[in-house]
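Peer 1: The sequence and its predicted three-dimensional model are supplied below.
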Amino acid sequence: MENPASIAEPYPGNEATLLEGFKDSLPIVISYLPVAFAFGLNATKLGFTPLESLFFSCIIYAGASQFVITALLSAGSSLWVAAMTVMAMDVRHILYGPSLKTRIVTRLSAPKTALWAFGLTDEVFAAATAKLLRDNRRWTENWMIGIAFCSWLSWVAGTAAGAWSGNGLLEHYPAVEAALSFMLPALFMSFLLASFQRKQSVCVGAALAGALLGLTLVSIPAAILAGIVCGCLAALLQAIYQEELR
């Protein structure tokens, strides 16, 4: 039987370093900068100050949810409605930590775990999962901190640049400004089309129907919540139905 102590530690001298985490973050950094720039630009156009826009990215750090919360608040929604909407959108993040924990074989440090857990976005989670699947003994918290910190820093830097640009830098380039404003919807549409499968059509249809109904009868905040709830319920019912058929 293999000694558990040997499983709990990476190979000596072969563990992933902080610098390696910086290097592995480059694909995420490249993808974050333009979207964060678009957020900063959009937030200032909605009436938020550059400092407020930067605050959203430093503290909330939730990508699409930041676009949603600024749109809701600028439209006059209450803080509670905006907060509940964003929480519903980001509830998946609750599963990221436990999912990684099942694959991590090294001993964790509470202070370090708190640092990289804050930066556990979709992209960072995907990179960490890929690292653990390839060789979980090389995964380290220093590597995780490196990739999470650089990703967060690029998002904050992109937001700062976009917020500053929203004060007039792109006034003479309306085409560029319009393209940046449409960047996030285009990005998510590409993700949807790339990952779409026929078996998901029921969930997508239910989410779109719920969003359309909420938009028609109530408001944009209601449309977002209705779309999320209908999509989740459809996925749950579909899973139950498929389980009964087995």
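Peer 2: Structure received.
Peer 1: per the record, what domains does the protein have?
Peer 2: When the chain is parsed with automatic domain parsing, its domains come out as 18-195, 197-246.
Peer 1: Burial-wise, tell me which of those domains comes out on top.
Peer 2: Stretch with highest mean neighbour count among the domains of the chain: domain 18-195 (a mean of 17; mean count of other CB atoms under 10 Å). All C-beta spots, glycine's among them, are computed from the backbone N, C-alpha and C.
Peer 1: By mean pLDDT, show me the worst of the domains of the chain.
Peer 2: Confidence, taken as mean pLDDT, is least for domain 197-246 of the domains of the chain (a mean of 78).
Peer 1: now the strands for the protein?
Peer 2: Under the criterion DSSP state E, the chain contains no strands.
Peer 1: ok, the closest residue to M144 other than its chain neighbours - contacts?
Peer 2: Sequence neighbours aside, W116 is the residue nearest to M144 in space, at 4.1 Å (criterion: CB to CB, 6 or more residues apart in numbering). W116 makes contact with 124, 141, 144-145, 148 under the criterion CB atoms under 8 Å, 6 or more residues apart in numbering.
Peer 1: What separation do you get for W116 and E141?
Peer 2: In this structure, W116 and E141 are 6 Å apart, going by CB to CB, to the nearest Å.
Peer 1: Also G231?
Peer 2: Counting by CB to CB, the gap from G231 to E141 is 34 Å.
Peer 1: and if you look at A226?
Peer 2: 40 Å.
Peer 1: My guess is H93 contacts F118. True?
Peer 2: No: using CB atoms under 8 Å as the test, H93 is too far from F118 to be in contact (10.7 Å).
Peer 1: which residues in this structure form helices?
Peer 2: For the chain, the helices defined by DSSP state H cover 4-7, 18-24, 26-45, 50-55, 64-74, 79-89, 96-101, 110-118, 122-135, 141-165, 174-181, 183-195, 201-217, 220-245.
Peer 1: Contact partners for L100?
Peer 2: Per CB under 8 Å, 6+ apart, neighbours of L100: 120, 125, 128-129, 132.
Peer 1: for the nearest residue to L208 once chain neighbours are set aside, what are its contacts?
Peer 2: Leaving aside its chain neighbours, L208 sits nearest to G227 (6.9 Å; criterion: CB to CB, 6+ apart). Residues near G227 by CB under 8 Å, 6+ apart: 207-208, 210-211, 214.
Peer 1: Now render those residues as TSV, adding distance to E15.
Peer 2: Formatted as TSV, the contacts of G227 follow (distance: CB to CB, whole Å):
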residue	distance to E15
A207	42
L208	46
G210	47
A211	46
G214	49
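Peer 1: Which of those sits closest to Q242?
Peer 2: A207 (18.5 Å; CB to CB).
Peer 1: Okay, the closest one and V91: tell me how far apart.
Peer 2: 14 Å.
Peer 1: likewise F39?
Peer 2: 21 Å.
Peer 1: same check, this time on T49
Peer 2: 30 Å.
Peer 1: got the contact list for A211?
Peer 2: Contacts of A211 by CB under 8 Å, 6+ apart are 223-224, 226-227, 230.
Peer 1: Swap in 6 Å and give it another go.
Peer 2: A211 is in contact with 223, 226-227, counting by CB atoms under 6 Å, 6 or more residues apart in numbering.
Peer 1: separation between the closest residue to T129 other than its chain neighbours and F125?
Peer 2: Of all residues not flanking T129 in the chain, L100 sits nearest, at 6.9 Å (CB to CB, 6+ apart). Distance of L100 to F125, given as CB to CB: 7 Å.
Peer 1: And A206, by the same measure?
Peer 2: Plainly put, A206 is 26 Å away from F125 if you go by CB to CB.
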